[in-house]
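Asker: got a predicted structure here, sequence first:
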Amino acid sequence: MKKSQRQLLEPDQRLLFLRAQRNLKMARSVQSYVRGSTTKFYEWLETSSSGKFPEGPAIWICGDCHFGNLGPVANADGQVEVQIRDFDQTVIGNPIHDLIRLGLSLAIAARDSDLPGVITLKMLEQLMEGYAQEFHDETLTMPRPECVKLVMRQASTSKWKNFAKQNLDNLDPSIPLGKRFWPISQSESLAITKMFGDKEFSGLATRLRARNDDAVVTVLDAAYWRKGCSSLGNLRYAALLDIDQEVSKGRDFCLMDIKQAIKALAPRAFDAKMPRDNGKRVLEGALQLSPYLGERMLASQLMGCSVFIRELLPQDLKLEVNKLTQLEAMIAAKYLGSIVGKAHARQMDAGTRSKWCGELLRNQTKKFELPDWLWNSVVELIATHESSYLEHCRTYVMDTEFSEHKIE
């Protein structure tokens, strides 16, 4: 973004530009479209006949469980595990929705990798197997696919220096304005500074084991953060904090992600009792599904909007699934199924787990270790999303207002 463009993008002008950026991202590939079109998934779900798939126990679900929303996360003690890492859509609902959403995501990845349709069938079988095994034996260790091994190696060696270069483009205690970070108004800056002046929120920066609980926390800089896909257009800020400004001890910086919490599209259980505030809903879902991440989060109000806040650690990385071989596709599906299974199973007692496993295998055929409801759902969703993707591309090309944006 040019300097002149940065000056023109006042807070009330962001939305139009961000919507154009979201449309651009979603036009790049079917996989990108699936990531950014959560609404399309739940539109399909709403029109599907009742009884088509199992009704699971009402637990906290991710709500937008594609593979890009799984990845390594660190806890306050520095331990790293692969867990769910996005909770915008989290609700108390039917766990089957997470399975179907992940199945669609993996099926699209298989098509992007030019794998034959029979591999998609086998991937979904492996997805179910990995998921179900977590309800029988939590001690089982699933083989990691290469894409997970790679990102875990990066997570285990990642330091603030590399993190700052990747996310801030520099090592200076400031946020560089440009393509990703935009200037904010004085009122936005004051609101963020005031929020971290509260002991509860400054304490979020000192939760890491290596930091002093009584350290002084200072907001060095803050900016609007153009980040994500389906969430583009909602408020999102980055705040750079300095912890204990004593140079003799070495400067300790941290980057806080402040994200608007909006109403979830995911259908909730009829009698579910969840926090009415969306930020608190996101926080509770994270605590249940991904304890490593949930313990590092807080919910608040910022300028009248519900938000949730977390420190971004070098170990928190997104899982990217690129070109898959047939073997890698099998291993990845089973492994990711186990991650979601673990997140669901920890919320159930032994009796509920056993009953749910039996219900999962309803309509499983003798020939395939895959229930019809999952296969039929993914096939329908692929057709729906691919046709919608092409229509999205057509609409994008017809939109001349932002014609300078090219598909890369």
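Answerer: All right, it came through fine.
Asker: what's near enough to touch residue 234?
Answerer: 259, 260, 262 (Cβ atoms under 8 Å, 6 or more residues apart in numbering). The way it works is simple: take the backbone N, C-alpha and C, and place the C-beta from them, glycine included.
Asker: can you list the domains in the protein?
Answerer: By the record's domain assignment, the chain is partitioned as 3-154+318-398, 184-312 (automatic domain parsing).
Asker: those: which one's closest to residue 178?
Answerer: Shortest separation from residue 178 across the domains of the chain is recorded for domain 3-154+318-398, at 7.3 Å, computed as Cβ to Cβ.
Asker: may I have the phi/psi pair for residue 114?
Answerer: Main-chain dihedrals, residue 114, degrees, to the nearest 10: phi 60, psi 30.
Asker: so how far is residue 335 from it?
Answerer: From residue 114 over to residue 335 the distance is 21 Å, taken as Cβ to Cβ, to the nearest Å.
Asker: neighbour count for those two, which is higher?
Answerer: Neighbours per residue (other Cβ atoms under 10 Å) separate residue 114 from residue 335, with residue 335 holding more: 20 against 9.
Asker: what about the stretch 151-300 of the chain, any weak spots by pLDDT?
Answerer: Scanning the stretch 151-300 of the chain for pLDDT under 70 picks out 155-172, 208-210, 228-233, 245-251.
Asker: where along the stretch 151-300 of the chain do the strands fall?
Answerer: 181-182, 217-225, 236-243, 252-260, 297-302 (DSSP state E, counting those that start in this stretch).
Asker: of the ones you listed, which is nearest residue 58?
Answerer: Shortest distance between residue 58 and those, using Cβ to Cβ, is found for strand 297-302: 21.7 Å.
Asker: what's that closest one in contact with?
Answerer: With contact meaning Cβ under 8 Å, 6+ apart, strand 297-302 is reached by 191-192, 195, 200-201, 204, 235, 258, 261, 277, 279-280, 282-283, 286-287, 306-310.
Asker: buried stuff in that strand?
Answerer: Within strand 297-302, the residues that count as buried by 16 or more other Cβ atoms under 10 Å are 297, 298, 299, 300, 302.
Asker: and the third one, how close does it get to residue 90?
Answerer: Plainly put, residue 299 is 12 Å away from residue 90 if you go by Cβ to Cβ.
Asker: show me whatever sits in contact with both of those two.
Answerer: Counting by Cβ under 8 Å, 6+ apart, the contacts common to residue 299 and residue 90 are residue 282.
Asker: and stretch 323-339, how far out from the chain's middle?
Answerer: Taking Cα atoms, centre = their mean, to the nearest Å, one finds the center of stretch 323-339 at 19 Å from the center of the full chain.
Asker: contacts for that stretch, please.
Answerer: Contacts to stretch 323-339, defined as Cβ under 8 Å, 6+ apart, come from residues 67, 70, 82-84, 99, 102, 106, 109-110, 112-113, 115, 119, 122-124, 126-131, 133-134, 140, 142-148, 321.
Asker: these in strands, which ones?
Answerer: Counted as lying in strands by DSSP state E, out of those, are 70, 82, 83, 84.
Asker: does the second one touch residue 152 like I think?
Answerer: Yes - look at residue 82 against residue 152 with Cβ atoms under 8 Å: they come within range, at 7.2 Å.
Asker: ok, these two, which is more surrounded?
Answerer: Ranked by neighbour count (other Cβ under 10 Å), residue 82 and residue 152 place residue 82 first, with 24 against 19.
Asker: show me the beta-bridge partners of that one.
Answerer: Following DSSP bridges, residue 82 is listed with bridge partners residue 72.
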